[in-house]
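Colleague: Would you be able to build a 3D model of this:
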Amino acid sequence: MSIACLLVPSLALTCELVERPQLVGRPVALADEAGLRVYEATPEARQRGVQDGMTLREAVALCPALAVLEQRPARIIHAAERLVEAVEQVSPLVEEVEPGVVLADLVGLEGLYSDTEQLAEALLRWAPRELRPQLGIAEERFTAIAAAATAGYTPESPATQAEPDPRGVFDMSPAPQLDKARLAQAQLDGTQAGGTQSGGARSSGAPTDGATARAAASEQPQRWLRIAPGHSADFLSDRPARLLPLDVATLAQLALLGIRTVGEFAALPRHAVTAQFGLPGERAWLAATGVDPTPVRPKPFARERVIEHSQSEPPIVTREAMALHARQLLLRAMRHPRAAKRLARFVRLRAVTEDDHLWEKQQTLREPTGDRDRLHVVLNTLIEYSEFPGPIAHMELELGGLTNEQGRQTGLFIDHARRREQLDDMVRQLKARFGRSPMTQIVEVEPWSRLPERRFALMDYDP
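Modeller: You can find the predicted model right below:
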């Protein structure tokens with residue numbers, strides 16, 4: 001085991017249904033930010049013809065009982081942050097691919113968890129129960145994401161069904177609270193009677209109806225799926241092509257070419273995919289063949305930060321009041337023990353309105369600073385040239401990338417060591433802005449080789 005993916009499908013819609021439990025089981029659609037088209041829909045709405053991207057007028061015409069909800073970005077961001085914090089309780093190397101999709105590097109955790117089942121139980125136990133996350137574990141990054149998406153199969157969504165493998169390669173295992181036989185029945189939707197094995201769980205001899213399967217699935221929706229090493233390509237072969245790490249335009253082009261599954265995409269020649277879709281296409285091809293070279297990239301300086309909050313009652317309606325609240329948050333953040341006598345590399349200011357709309361700005365500083373007046377000028381600039389979605393009820397300030405560097409003293413003669421220090425500091429600044437080091441260095445690998453391309457290698461420069 002190498003990488004785990006904790007996934008909440010339809011995170012935005014899930015956050016709304018958590019707040020409105022009376023809508024569970026009914027046709028519900030979530031509107032986009034413009035309030036004109038369907039962003040996500042429940043399985044009950046899809047059964048009535050509602051699809052993502054269609055206009056709300058068309059959706060209501062197809063399903064008159066459709067309940068249309070408005071997006072609340074602040075709740076989505078808060079739920080995504082809770083999911084990241086949950087995974088950080090198990091692994092120190094965590095990457096948020098997008099809200100609701102979190103990756104964790106599992107290398108080195110064998111001493112804490114004796115087997116995969118204990119590790120999966122720990123990840124699901126720390127995750128917010130009301131979000132109903134799904135877990136996939138595999139050797140490759142893309143395979144883990146696809147496994148997490150497959151682990152959420154329900155009888156209402158047959159497109160994501162994981163077919164039982166007679167060799168036991170795909171180990172589908174539920175959370176410990178759910179009986180394995182009942183979960184196997186829910187996975188098979190009562191279509192097979194007797195003796196079909198999936199990950200060590202064997203369904204009973206009597207067939208089950210759809211109601212029993214749905215009851216078994218709803219009792220404990222948190223499931224996990226592990227892909228055995230060396231079987232990623234077999235598992236991915238019948239997955240839908242929409243899971244590939246490509247942009248929307250490229251996926252639409254694949255659909256026009258008749259490529260519906262990951263296996264069909266992997267069957268294409270690598271050089272042809274690279275020539276047509278460039279470097280992103282080549283990376284997607286490697287992922288489709290079970291050789292995903294992309295590592296888990298944690299957010300830089302995730303633990304070197306200070307966050308302060310403030311609640312406003314009544315809500316803030318003027319820029320002057322917002323600047324005053326930002327200054328108070330800055331004073332509190334700089335008095336925090338973690339930020340004492342340290343410098344910040346970037347500043348992030350977030351504001352939430354009464355109806356949970358979100359405004360957020362981040363500024364990466366040219367040089368680390370602990371000057372209160374300079375940081376206050378940065379905050380005032382962010383506030384002055386921004387448009388807010390409404391009265392502000394909650395504010396959050398983050399000072400990130402905290403460092404112990406206190407000052408600089410230039411000498412009469414700048415030696416090589418000083419230049420290297422300046423280069424390293426510049427790379428750290430770029431890493432704080434872009435999330436990874438954009439600089440590379442030439443490293444000697446096999447100087448005795450007769451082939452020039454094997455003597456040296458190009459690697460990321462990460463001081």
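
Colleague: Please enumerate the helices of the stretch 251-400 of the chain.
Modeller: Listed in chain order, the helices of the stretch 251-400 of the chain (DSSP state H, counting those that start in this stretch) span residues 262-266, 270-288, 319-334, 372-384.

Colleague: Which among those is found nearest to residue 5?
Modeller: helix 270-288 (12.8 Å; C-beta to C-beta). Backbone N, C-alpha and C define where each C-beta goes, glycine included.

Colleague: Centre of the chain to the closest one, how far?
Modeller: When distances are taken as C-alpha atoms, centre = their mean, to the nearest Å, helix 270-288 is centred 23 Å away from the chain's centroid.

Colleague: Return the alpha-carbon coordinates of it using CSV.
Modeller: Written as CSV, here are the backbone C-alpha positions of helix 270-288 (Å, rounded to 0.1, in the frame of the first residue of the first chain):
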residue,chain,number,x,y,z
ARG,A,270,1.7,6.6,-26.1
HIS,A,271,3.4,8.7,-28.8
ALA,A,272,0.1,9.5,-30.5
VAL,A,273,-1.5,10.6,-27.2
THR,A,274,1.5,12.8,-26.5
ALA,A,275,1.4,14.3,-29.9
GLN,A,276,-2.4,15.0,-29.7
PHE,A,277,-2.8,16.1,-26.1
GLY,A,278,0.7,17.1,-25.0
LEU,A,279,2.3,16.5,-21.6
PRO,A,280,-1.0,16.3,-19.7
GLY,A,281,-2.2,13.6,-22.1
GLU,A,282,1.0,11.6,-21.6
ARG,A,283,0.6,11.8,-17.8
ALA,A,284,-3.0,10.7,-18.1
TRP,A,285,-1.9,7.8,-20.3
LEU,A,286,0.7,6.7,-17.7
ALA,A,287,-2.0,6.9,-15.1
ALA,A,288,-4.4,4.8,-17.2
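
Colleague: Give me the residues contacting it.
Modeller: Among residues not part of helix 270-288, those counted as contacts by C-beta atoms under 8 Å, 6 or more residues apart in numbering are 140-143, 233, 236, 244-247, 250, 262-263, 265-266, 268, 292-294.

Colleague: Which among the residues you listed count as buried?
Modeller: With neighbours counted using 16 or more other C-beta atoms under 10 Å, the contacts of helix 270-288 contain these buried positions: 140-143, 233, 236, 244-246, 250, 262-263, 265-266, 268, 292.

Colleague: beta partners of the residue positioned nearest the centre of the chain?
Modeller: Geometric centre of the chain, nearest residue: residue 101, 2.7 Å, by C-alpha atoms, centre = their mean. With DSSP bridges applied, the residues forming beta bridges to residue 101 are residue 7, residue 98.

Colleague: got the buried residues for stretch 62-77?
Modeller: 63, 66, 67, 69, 71, 72, 73, 74, 75, 76, 77.

Colleague: Closest one of the buried ones among the contacts of helix 270-288 to residue 425?
Modeller: For residue 425, the closest of the buried ones among the contacts of helix 270-288 turns out to be residue 141, at 30.6 Å, with distances computed as C-beta to C-beta.

Colleague: ok, residue 14 touching residue 132?
Modeller: Yes. With contact defined as C-beta atoms under 8 Å, residue 14 reaches residue 132; the gap is 6.9 Å.

Colleague: all strands for the stretch 1-150 of the chain, in order.
Modeller: Secondary structure of the stretch 1-150 of the chain, counting by DSSP state E, counting those that start in this stretch: strands at 3-7, 28-31, 38-41, 67-69, 94-98, 101-105, 134-138.

Colleague: will you turn those into TSV that also has mean pLDDT and distance to residue 123?
Modeller: TSV is the format used below for the strands of the stretch 1-150 of the chain (pLDDT from 0 to 100; distance: least, C-beta to C-beta, whole Å):
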stretch	mean pLDDT	distance to residue 123
strand 3-7	90	6
strand 28-31	90	27
strand 38-41	88	24
strand 67-69	89	29
strand 94-98	89	11
strand 101-105	91	7
strand 134-138	89	6
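
Colleague: I'd like those strands written out as JSON lines, with distance to residue 127 added.
Modeller: Compiled in JSON lines, these are given as follows (distance: least, C-beta to C-beta, whole Å):
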{"stretch": "strand 3-7", "distance to residue 127": "6"}
{"stretch": "strand 28-31", "distance to residue 127": "22"}
{"stretch": "strand 38-41", "distance to residue 127": "20"}
{"stretch": "strand 67-69", "distance to residue 127": "23"}
{"stretch": "strand 94-98", "distance to residue 127": "12"}
{"stretch": "strand 101-105", "distance to residue 127": "9"}
{"stretch": "strand 134-138", "distance to residue 127": "8"}
